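Asker: take this sequence and fold it.
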Amino acid sequence: MRNYSATRCFTVLCLAGLLTACAHAPQKPVPVAAPPPAPAPAPVQEQPAAPAPAAAVMQPQAPRTYVVQKGDTLWGIATMYLQDPWRWPDIWYANPAIKNPHLIYPGDTLELGYVNGRPSLTVMRKGQVVTETTPAPAATSLPVETLQPQVRYTELNQAIPVVPLNSIRPFLSGTRVVSKHELDDAGYLLQALDGRPLIAAGSSAYARGLKQSEGGRYSIYRLGEKYVDPDNGDTLGYQATYIGDGTVERWGDPSKVMLTATVQEAMPGDRLLPVTTEQISQDFMPHPPAKSVTGNIIAVLGGVQEIGQYEVVVLDRGSNAGLDQGAVLGVYSRGKKVRDPYSFDGLSGSVKLPEEREGTLLVFRTFPTVSYGLVMEAKSEIHLLDVVKNPTP
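Answerer: This next block holds a predicted model:
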């Protein structure tokens, strides 16, 4: 029995020693399975390079030099040089010295040359090439009249505009488009304090629907035509013509409003919209729309019946469709379906005529659903519901 116990103890001691030795012996690294090979990268599909833009097509009789005159516009000058005048940035931007073509003034000389085979205009002023850092011409003094001790000057010479500003100035601020939501939320004039039907500047009137959170300063508008999308019948907005400005003298229902300025007399029912700080640039850089746009001419402003050059039209597409200030659109006749009394051999007795290019317009003011455009070229008479879309040669 003792021998068995001794043998058992000896065996346990040996095992303990073996385990201790194993604990201090260097451990053989356990092989780790190699990660699966990474999949070969997919071959890169090289995108074809965008084709180089075609050179602007020059007019056959483009002048080699031209002296800028008072009353010129950039578009008008470009018409002398280019078959597509809206592409005039091409011939300016080919000249790295001229980044901003609005730096051209009456009296400057334009010289036509070529840079890397592309037409380029150089602007000269008093024999020197004009660059971005060239100062504008100084004011021109007039002969002094002996009326009182003062010196008289003309206004500083103004750089020539892109388009005739007189054609669009009334529609840069005096007219706007309001949505149905704005219309439903707007206050309105109820009546003059003295009960007269017309309210002039300096008079007070009662108004309803005004909110103190709006600040108390209002522009007064008269609602006009409702603009409707001819494709689906949706209401796009309402023409609103500027009448004047007013300030709340006393809040309530009704509130008392003093008319501080008017361009025509206000009337009961005219809407009051909070004064905004909308800034509208007059430097229109012509460019094609960023994406494809197709719309229609739905109205003409200014009380004219026929649509020709320098008439202002309303389009049924706005900023929601990708239009912005300076976007250029071609105007196309809407192809009509006509009866063909001469058809034979299976030809249909009716046929739709193709669209024909009628002119070019430039978008100068946008709203979410409509835009104002100025007709720059009219090859033939333009009509309501004519199609507007990205220009093609």
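
Asker: and for stretch 371-380, what are the contacting residues?
Answerer: Stretch 371-380 has contacts (Cβ atoms under 8 Å, 6 or more residues apart in numbering) with 75, 85-86, 163, 167-168, 171, 297, 301, 307-315, 317-319, 323, 329, 331, 333, 357-366, 382, 388. To be clear about C-beta, it is placed using only N, CA and C from the backbone, and glycine gets the same treatment.

Asker: list the buried residues for that stretch?
Answerer: 371, 372, 373, 374, 375, 376, 377, 378 (16 or more other Cβ atoms under 10 Å).

Asker: name the nearest of those relative to residue 250.
Answerer: residue 372 (37.0 Å; Cβ to Cβ).

Asker: for the closest one, name its beta-bridge partners.
Answerer: Per DSSP bridges, the residues bridged to residue 372 are residue 314, residue 365.

Asker: quick check: it vs residue 327, distance?
Answerer: 11 Å (Cβ to Cβ, to the nearest Å).

Asker: what touches both of those two?
Answerer: Taking Cβ under 8 Å, 6+ apart as the contact rule, residue 372 and residue 327 both touch residue 363.

Asker: ok, and the closest non-adjacent residue to residue 123?
Answerer: Sequence neighbours aside, residue 130 is the residue nearest to residue 123 in space, at 4.0 Å (criterion: Cβ to Cβ, 6 or more residues apart in numbering).

Asker: how about residue 361?
Answerer: Residue 361 sits nearest to residue 373 (Cβ to Cβ, 6+ apart), 4.1 Å away.

Asker: same thing with residue 174?
Answerer: Of all residues not flanking residue 174 in the chain, residue 242 sits nearest, at 4.3 Å (Cβ to Cβ, 6+ apart).

Asker: that neighbour and residue 223 touch, don't they?
Answerer: No: proximity of residue 242 to residue 223 does not meet the contact threshold set by Cβ atoms under 8 Å, at 11.8 Å.

Asker: what sits against the closest residue in space to residue 234 that isn't next to it in sequence?
Answerer: Nearest residue to residue 234, sequence neighbours excluded (Cβ to Cβ, 6+ apart): residue 228, at 7.0 Å. Contacts for residue 228 were tallied using Cβ under 8 Å, 6+ apart; they are 234, 235, 236, 298.

Asker: below-threshold pLDDT in the protein: ranges please.
Answerer: 1-55, 93-102, 139-157, 278-281, 393 (pLDDT under 70).

Asker: how is it divided into domains?
Answerer: The chain breaks down into these domains under automatic domain parsing: 65-129, 170-274, 294-389.

Asker: end to end on the first one, go ahead and measure it.
Answerer: Right, the one you point to is domain 65-129. The straight-line separation of the ends of domain 65-129 (Cα to Cα, to the nearest Å) is 14 Å.

Asker: next: stretch 194-208.
Answerer: With Cα to Cα applied, stretch 194-208 spans 17 Å between its terminal residues.

Asker: ok, stretch 105-116 next?
Answerer: The first and final residues of stretch 105-116 sit 27 Å from each other (Cα to Cα).

Asker: and for stretch 263-276?
Answerer: One end of stretch 263-276 to the other measures 18 Å (Cα to Cα).

Asker: how far is that stretch from where the chain is centred?
Answerer: 27 Å (Cα atoms, centre = their mean, to the nearest Å).

Asker: do the same with stretch 224-233
Answerer: With Cα atoms, centre = their mean, you get 21 Å for stretch 224-233.

Asker: what residues sit buried inside it?
Answerer: Neighbour-count burial for stretch 224-233, counted by 16+ other Cβ under 10 Å, picks out 227, 229.

Asker: C-alpha coordinates for it, CSV please?
Answerer: Extracted in CSV, the C-alpha atoms of stretch 224-233 (Å, rounded to 0.1, in the frame of the first residue of the first chain):
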residue,chain,number,x,y,z
GLY,A,224,-52.8,91.1,-62.3
GLU,A,225,-52.7,88.1,-64.6
LYS,A,226,-52.8,84.6,-63.3
TYR,A,227,-50.0,82.5,-64.8
VAL,A,228,-51.0,78.9,-65.7
ASP,A,229,-48.8,76.0,-67.0
PRO,A,230,-50.3,75.3,-70.4
ASP,A,231,-49.2,71.6,-70.2
ASN,A,232,-51.0,70.6,-67.0
GLY,A,233,-53.2,73.6,-66.0
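
Asker: okay, and the beta partners of the residue nearest to residue 174?
Answerer: Beta-bridge partners, per DSSP bridges, of residue 242: residue 221.

Asker: how much space between it and residue 288?
Answerer: 31 Å.

Asker: repeat for residue 76
Answerer: For residue 76, the distance to residue 288 - Cβ to Cβ - is 20 Å.

Asker: let me see the ranges of the helices in this structure.
Answerer: In the chain, the helices defined using DSSP state H lie at 2-24, 74-81, 88-93, 165-173, 180-185.

Asker: between the buried residues of stretch 371-380, which is closest to residue 205?
Answerer: residue 372 (29.9 Å).

Asker: ok, the residue nearest to the spatial centre of the chain - contacts?
Answerer: Nearest to the geometric centre of the chain sits residue 324, at 1.6 Å (Cα atoms, centre = their mean). Residues in contact with residue 324 (Cβ under 8 Å, 6+ apart) are 289, 290, 363, 366.
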